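Asks: okay, sequence plus prediction incoming.
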Amino acid sequence: MVEIAPYDCQQSTCAGALVHPDLRTMRRASLQQLGVGVVAPSDFALDRELWRWVPDEVSLHVTRLPFTPLPATIELAVHISDPALVAQGVTNLGAVSPLVTAYACASGSFVGGLAGEAALVAAMVAAGAPIAVTTSGALLAALRYLGLSRIVAVTPYLADLTAGLANYLAEAGVEVTGAAGLGLTTGIWTVPYNITADLVRDNDTADAQAIFISCTNLPTYDLIAALERELGKPVLTANQVTMWSALDAIGRKAFGPGQHLLER
């Protein structure tokens, strides 16, 4: 039989119910969270993957841009690169006061080049984000952090959108030694790991210092460490760099065993 120790009501608030001191401590601990806001395109389907990088004391507050009935083409990327649209997403998160807000979209943050990415960050801050990051800006920050300037870029996109990523990187002084896409315009979140892994293997080049796998809607978490061991070089992905950058901005470390960017 389990014995229940006597409880002294003087130790509690006794506001209509008994609250054990241990429960009060647990309650306070559960409320001590650091908020990270995420603004994502309307078709973003990988909330669960983002959470895998997040330590226990951090909560993600995810909102989406208004639905746009367009396939994942350069037309859609241009539409969702509108700073005013992204700023509205930041405003939607204002009630929960995240410490940092990330625009979790690769194509929407690279399609306008460096100036377009900077305009997104400026609009997010003006809309109330204390700190703002974008996926494409996070990629450049990760490359600088690792001291890398030559990469292979693989994407799920059509050729023109893949070329847009290469142009963005070139503008930032990053040499793209190889680039390829899967040619998809929908259902990107359903792509199996083995298809993405084969795309990386088939397009890696000997002179590339790292691989970048683009698109926040492409699953990559479980691929990263395995591909890094196989290829002997860092593998960066859109969701990984986004979470790394956002968490680093608030003094927290992203969780990803065996991922070079996170364990350096």
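Replies: Perfect, thanks for sending it. These numbers were taken from a predicted model, which means no experiment stands behind them.
Asks: just checking, next helix/strand downstream of the helix or strand F212 falls within?
Replies: Remark: F212 resides in strand 210-213, with elements defined by DSSP states H and E. Counting by DSSP H and E, the element after strand 210-213 in chain order, helix or strand, is helix 221-231.
Asks: can you give me the helices in the stretch 101-250 of the chain?
Replies: In the stretch 101-250 of the chain, helices defined by DSSP state H, counting those that start in this stretch lie at 106-110, 113-126, 135-146, 159-171, 193-203, 221-231, 238-249, listed in chain order.
Asks: now distance to A180 and mean pLDDT too, for these, in TSV please.
Replies: C-beta here means a position set from N, CA and C on the backbone, and glycine is covered the same way. Shown next, in TSV, are those (distance: least, CB to CB, whole Å; pLDDT from 0 to 100):
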stretch	distance to A180	mean pLDDT
helix 106-110	15	98
helix 113-126	21	98
helix 135-146	17	98
helix 159-171	7	98
helix 193-203	4	98
helix 221-231	15	98
helix 238-249	16	98
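Asks: and of those helices, who's closest to I74?
Replies: Distances from I74 to each of those were compared using CB to CB; the minimum, 4.9 Å, belongs to helix 159-171.
Asks: list the buried ones in stretch 163-172?
Replies: For stretch 163-172, the neighbour count (16 or more other CB atoms under 10 Å) marks A163, G164, L165, A166, Y168, L169, A172 as buried.
Asks: okay, now the residue nearest to the last one when sequence neighbours are not counted: neighbour count?
Replies: Leaving aside its sequence neighbours, A172 sits nearest to L140 (CB to CB, 6 or more residues apart in numbering; 5.3 Å). Residues lying near L140 (other CB atoms under 10 Å) number 20.
Asks: so how far is T205 from L140?
Replies: Taking CB to CB, to the nearest Å as the measure, L140 and T205 are separated by 20 Å.
Asks: just S42 next, same as before
Replies: When distance is defined by CB to CB, S42 is 35 Å away from T205.
Asks: quick one, what contacts D248?
Replies: Residues counted as contacts of D248 (CB atoms under 8 Å, 6 or more residues apart in numbering) are A254.
Asks: do that again at 10 Å, thanks
Replies: Contact analysis of D248 by CB atoms under 10 Å, 6 or more residues apart in numbering lists V100, V133, A138, A141, A142, Y145, A254, L262.
Asks: any idea how many residues pack against the residue nearest to S107 when sequence neighbours are not counted?
Replies: Spatial nearest neighbour of S107, chain neighbours left out: A77 (3.9 Å); criterion: CB to CB, 6+ apart. Here the neighbour count serves as a burial measure; for A77 (other CB under 10 Å) it reads 24.
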